[in-house]
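[1] below is the sequence, then the predicted model.
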Number of protein chains: 2
Amino acid sequence: MTLEQLQQEYEEVKARGLALNMARGKPGADQLALSAGILDALENPVAEDGTDCCNYGVLDGIPEAKRLMAFMLDDKPENVFMGGNASLTLMYDTIARFHSFGVLGSTPWNKLPNVKWLCPVPGYDRHFAITEAFGYEMIPISMNDSGPNMDEVEQLVAHDESVKGIWCVPKYSNPSGASYSDDVVRRLASMPVAAADFRIMWDNAYCVHHLYNEVENQDQVLDIKAACEEAGNPDRYIKFASTSKVTLPGAGISAFAASPANMEEARARIGIQAIGHDKLNQLRHVRFLRDGEGIAEHMKKHAAILRPKFELVLKKFEEGLADVDNCRWTAPRGGYFVSLDVPAGCAKRVVALCKEAGVVLTDAGATWPYGNEPKDSNIRIAPTLPPLEELEQALDVLVLCIKLAAAE
Amino acid sequence: MTLEQLQQEYEEVKARGLALNMARGKPGADQLALSAGILDALENPVAEDGTDCCNYGVLDGIPEAKRLMAFMLDDKPENVFMGGNASLTLMYDTIARFHSFGVLGSTPWNKLPNVKWLCPVPGYDRHFAITEAFGYEMIPISMNDSGPNMDEVEQLVAHDESVKGIWCVPKYSNPSGASYSDDVVRRLASMPVAAADFRIMWDNAYCVHHLYNEVENQDQVLDIKAACEEAGNPDRYIKFASTSKVTLPGAGISAFAASPANMEEARARIGIQAIGHDKLNQLRHVRFLRDGEGIAEHMKKHAAILRPKFELVLKKFEEGLADVDNCRWTAPRGGYFVSLDVPAGCAKRVVALCKEAGVVLTDAGATWPYGNEPKDSNIRIAPTLPPLEELEQALDVLVLCIKLAAAE
C-alpha cells in the first residue's frame, strides 16, 4: 500500500470512534469471574492454629497462607512473609527500608552520595519508578532471550560499590516474556559483587502464569535462593510474588521470601509499620486455592482465556508486519505481555497514532528507565484486558499504524 | 492488711494459674461478632461509579468509601485517601515519605543532622516506635485533662527549626482518655512554629468510640483542619482514622485526610508505592456500615459491651485503691484505655507481680518515648479484650499487686 492508501485507511479507522485499551497488564472480566468464589462468606474466620483472623496480630501471616505462598515463591513457609494486596508495595517498602536503615548493618543508602541500580530493558515501568523516586542512577542492561546480559552485569557490579541492586522478573519477564536460563541465575548468584549490601529484587510476578498446560511447553526457572546458597551468597536475593493475577488484582495477597538474616531484619522493621496484614483475605485465598495443586488447576482456566489472545497477537503480527522492515516481537509461553520492536524512531509515533484512532497502548519508552528509550522502537503489548473481538480490532489498528509510521 | 497478709493472698492468687491478658487494646470476641455481616458475599462487587472492585486501580479509593471515611475524619470526601487495613501503616508511611523526600519542597529529614518530635505522655507506644525508628529525638510533653500542655509545646516549636512534629490522639486519647479542648486545638493550629515543615500527626483513632449514647456524655473535639485554615496554617495537619475498632481490627479500612497541597504530594508519592488498596474491602465496609448514621448506630452496640467493662475498672479502683496513697486513674467517656498512676517507682513491680500471677498488662513505661518513664508510675489499662468475668478477676489481681508493691 502507498502512504496515501495507508493514510486513507487510517482516517476511516479513526472515524469509527474506537475506545480500546491495551495500556496495562490487567486481567479481563472473564478472568476475574474465575475467582468469584473467593467472595463467598467466610463462615468460620479462624485459622488452623486457632487465630481469630478478625482481630489484630500475626505480623507475618497465618501459617496456611505462608504455606500457600511458599509454593509460588519456591521456598519454605518459614521463609515467607505475607504482605497486603500488592507485591509492588512490598518491593517499594523493601527499597525504602534499605534507603533509610541500610541492609544488615550497612550504611543507609540515603547517606551515600550516589546509588546505582541495574535495570534490564525492556523492563517494568513501576519497578523503574521506585528506584527513580529514591534518586538512584538507573543503568539499562540489555535483555536476551535467556535473561539480562550477564557480561554487562558482572562488569558493572564487580568494582563499583555504589551499584546496590538489580530488578529481575525471572519468569515470563515483563514485557519480553523471556525466562532466565539456569546459567543466568547461577551467574547472578555467584558473580563477585563490590557492595556487600547488593540485593537482587526477584519479582516472580508470573511464576505460575503459563499459557500452555503441557510441562514441556512451560518455562522453568532455577530457584535464586538455592543458587545463592550454593554460591556462598545466601543473603543476596529477596523474592516477591502475589496472587494479583491469580485471583483478584485489586484484592489479592502478596508475599516475599528471604534468607533468615534478611527476614529477621525485615520483620523487626515491618513490626514498626504494621500490626499484621489482612488475615481474612489470606484465609479466603487458602480456602479458595487450597494448595499448589489448586493454584495450578486454577491457572489452567486463566490460560484457556489468555492463550487465544496471545496467539492472535502473533498471528496478526506475522500476517501484518511480514513486509515491514525492522519489526521484531517476542512469542512468550506465559506472562502478560508481548514485546514489540518497531523501526527505530517510530515507537512514539505509533503509540500516538493508535491513541488518535481510539486504541490506548502503554506509553512508548515506558519500558526504559526514566521513560526514555534512546532508539524509540519498543512497545509493550498488553493483550489481556480486551475481549477477543476487541483485541482483534485493536491489533488491526496497531498494525495499520505501524505501517503508516514506517511509511512516513 | 499487713504486708504478710498481702503476700499470702498473692501466693494464693498465683496458685490459681490464671492466664488473662490486658496488654493491648484489642476488642473482645463479642465485639467482633457485631461485624459478622461484613463477611457476607459481595454479590455485586461494583462501585457506584461502575468500577469493578476486583481489578486494579483507583489509587485513592472508591467514592463511596471516601464518603464513609470523610464522616470519621470530619472532612470532605475529596480530601480523603483510602489506605489498607491499618492507619498505623499510613502514619508510618507518611513519616517515611517526609524522611526520604521532605515536605512540600523542604529538605528531606534524612538530610538533617537532628530531627526532634513532640510526644504527649502518657501516649501510644506504636507512635513512639515510629519516630524512634527514624532516629528522631523524642521530647515528652505532659498531658492534661484537656490535651497536651500547650505552654511546653509553644515554647519548644517557636524557635527550634529541628522540631518537626507532634503525635496527637485528640479524642479519648490513648491511654488517658482525655480529649483536647477547643483552646488546645486552636493553639496547636495557630502557634508560631519555626519549621515550615512542622506537621501535626492527628490520629483520630477513637473519633466515634463513645461509651455513652447521650450527646451530653460524649466528648467533642474541634476539627483541626478548620482551626488550621482559620489560623492561616492550612497545611499543618494530617488526619488519620480507621475502622479497626469499628468493624474488624485485622481487616478494617483506613484513611487519611489532608489539605490539597499535602494530598497532592502524598498521592503522587504513594502512586509509586501502590496501585490502589483493597477496594473490595472498601465496598464491604460501605455496604455494611452505609453512612455516618450507620456508624453511629453500630458504635452504640460496641458501647453496650464496653461500658460495663470500663465501669467495672473504675468501681474496682475506687473500692480497692481508696486507701493506697498516690494512686490516680482517669475516667474516660470513650476510647479503649484507662490510665493508672501507681506510687512512684512501683509501676514495673506491679506489672511484674501481675504477670507472675497470670495477668498480662501493657509493659510499664510503654506509654513513654523509648519505653522509659522516669517516675515509673504509669500503667495503661486495656479492659476490652477479656470477657467481663475474666476482667473482674484480672482487676482483683491488679489491685492486690498494687497494694503489695506499695507495701513493699
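    Arrived safely.
[2] burial of the closest residue to residue A:52 other than its chain neighbours, as a residue count?
    Nearest residue to residue A:52, sequence neighbours excluded (C-beta to C-beta, 6 or more residues apart in numbering or on different chains): residue A:46, at 5.9 Å. For the C-beta atoms, the positions are set from N, CA and C on the backbone; glycine is no exception. Residue A:46 has 14 neighbouring residues, counting by other C-beta atoms under 10 Å in any protein chain shown.
[3] report all helices and strands that the strand or helix carrying residue A:304 contacts.
    Element membership for residue A:304 (DSSP states H and E) is helix A:292-321. When contacts are defined as 3 or more C-beta pairs under 8 Å, 6 or more residues apart in numbering or on different chains; DSSP states H and E, helix A:292-321 packs onto helix A:29-33, helix A:63-73, helix A:279-289, strand A:328-329, strand A:338-341, helix A:388-407.
[4] let's have the ones you listed in TSV, adding mean neighbour count, distance to chain B and mean pLDDT.
    Listed next are the helices and strands packed on helix A:292-321 as TSV, based on neighbours: other C-beta atoms under 10 Å in any protein chain shown; distance: least, C-beta to the nearest C-beta, whole Å; pLDDT from 0 to 100:
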stretch	mean neighbour count	distance to chain B	mean pLDDT
helix A:29-33	16	4	79
helix A:63-73	22	12	98
helix A:279-289	24	4	94
strand A:328-329	16	25	96
strand A:338-341	21	19	96
helix A:388-407	20	16	94
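[5] can you put these in TSV and add distance to residue A:8?
    Listed next are those as TSV, based on distance: least, C-beta to C-beta, whole Å:
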stretch	distance to residue A:8
helix A:29-33	35
helix A:63-73	50
helix A:279-289	52
strand A:328-329	26
strand A:338-341	25
helix A:388-407	10
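[6] list the buried ones in stretch A:42-57?
    Going by neighbour count (16 or more other C-beta atoms under 10 Å in any protein chain shown), the buried part of stretch A:42-57 is A:42, A:45, A:47, A:51, A:52, A:53, A:54, A:55, A:56.
[7] so which of these belong to strands?
    With DSSP state E as the criterion, strands contain none of these.
[8] ok, now how distant is the nearest residue to residue A:286 once chain neighbours are set aside from residue A:288?
    Leaving aside its sequence neighbours, residue A:286 sits nearest to residue A:64 (C-beta to C-beta, 6+ apart; 4.5 Å). Distance of residue A:64 to residue A:288, computed by C-beta to C-beta, to the nearest Å: 12 Å.
[9] which bits of the stretch 1-150 of chain A sit near chain B?
    For the stretch 1-150 of chain A, the residues in contact with chain B (C-beta under 8 Å from any C-beta of the partner chain) are A:24, A:26-27, A:29, A:32, A:35, A:39-43, A:45, A:52-58, A:84-86, A:88-89, A:92-93, A:96, A:99-101, A:108, A:110-111, A:126, A:129-130, A:133-134.
[10] of these, buried ones?
    Buried among the residues of the stretch 1-150 of chain A next to chain B (16+ other C-beta under 10 Å): A:24, A:26-27, A:32, A:35, A:39, A:42, A:45, A:52-56, A:58, A:84-86, A:88-89, A:92-93, A:96, A:99-101, A:108, A:110, A:126, A:129-130, A:133-134.
[11] measure the residue nearest to residue A:286 to residue A:245 for me?
    Counting by C-beta to C-beta, the gap from residue A:64 to residue A:245 is 21 Å.
[12] note down every partner strand of the longest strand belonging to chain A and its orientation.
    Using DSSP E, we find that the single longest strand of chain A is strand A:137-144. Paired neighbours of strand A:137-144 in the sheet (DSSP bridges): strand A:116-121 (parallel), strand A:147-148 (antiparallel).
[13] now mean neighbour count and mean pLDDT too, for those strands, in JSON lines please.
    Formatted as JSON lines, the strands paired with strand A:137-144 follow (neighbours: other C-beta atoms under 10 Å in any protein chain shown; pLDDT from 0 to 100):
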{"stretch": "strand A:116-121", "mean neighbour count": "23", "mean pLDDT": "98"}
{"stretch": "strand A:147-148", "mean neighbour count": "26", "mean pLDDT": "98"}
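[14] which one of the ones you listed lies nearest to residue B:221?
    Closest of those to residue B:221 is strand A:116-121, at 45.5 Å (criterion: C-beta to C-beta).
[15] for the closest one, give me every contacting residue.
    Contacts with strand A:116-121, where a contact means C-beta atoms under 8 Å, 6 or more residues apart in numbering or on different chains, come from A:127-128, A:131, A:136-143, A:147-148, A:153, A:156-157, A:160, A:162-168, A:173, A:367-369, A:373, A:378.
[16] switch the cut-off to 7 Å
    A:128, A:131, A:136-143, A:148, A:153, A:156, A:160, A:162-168, A:367-369 (C-beta atoms under 7 Å, 6 or more residues apart in numbering or on different chains).
[17] can you identify the element that follows that strand toward the C-terminus?
    By DSSP H and E, the next helix or strand past strand A:116-121 is helix A:125-133.
[18] next, the angle strand A:137-144 makes with that next one.
    150 degrees (axes from the mean of the first three to the mean of the last three C-alpha atoms, to 10 degrees).
[19] chain center to helix A:125-133, what's the gap?
    13 Å (C-alpha atoms, centre = their mean, to the nearest Å).
[20] mind saving the C-alpha coords of that helix as CSV?
    The C-alpha coordinates for helix A:125-133 follow below in CSV (Å, rounded to 0.1, in the frame of the first residue of the first chain):
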residue,chain,number,x,y,z
ASP,A,125,7.9,0.8,34.4
ARG,A,126,6.7,0.5,38.0
HIS,A,127,10.0,-1.1,39.1
PHE,A,128,11.9,1.8,37.5
ALA,A,129,9.6,4.4,39.1
ILE,A,130,10.6,3.1,42.6
THR,A,131,14.3,3.4,42.1
GLU,A,132,13.8,6.7,40.3
ALA,A,133,11.8,8.1,43.3
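[21] off-centre distance for stretch A:145-163?
    20 Å.
[22] okay, buried residues for that stretch please.
    When burial is assessed from 16+ other C-beta under 10 Å, stretch A:145-163 yields the following buried residues: A:147, A:148, A:150, A:153, A:156, A:157, A:163.
[23] and the second one, how far is that from residue A:258?
    Here residue A:148 is placed at a distance of 21 Å from residue A:258 (C-beta to C-beta).
[24] likewise the last one?
    Using C-beta to C-beta, residue A:163 is found at 20 Å from residue A:258.
[25] equivalent analysis for residue A:338, please.
    To residue A:258, residue A:338 is 32 Å away according to C-beta to C-beta.
[26] with residue A:146 instead?
    Counting by C-beta to C-beta, the gap from residue A:146 to residue A:258 is 25 Å.
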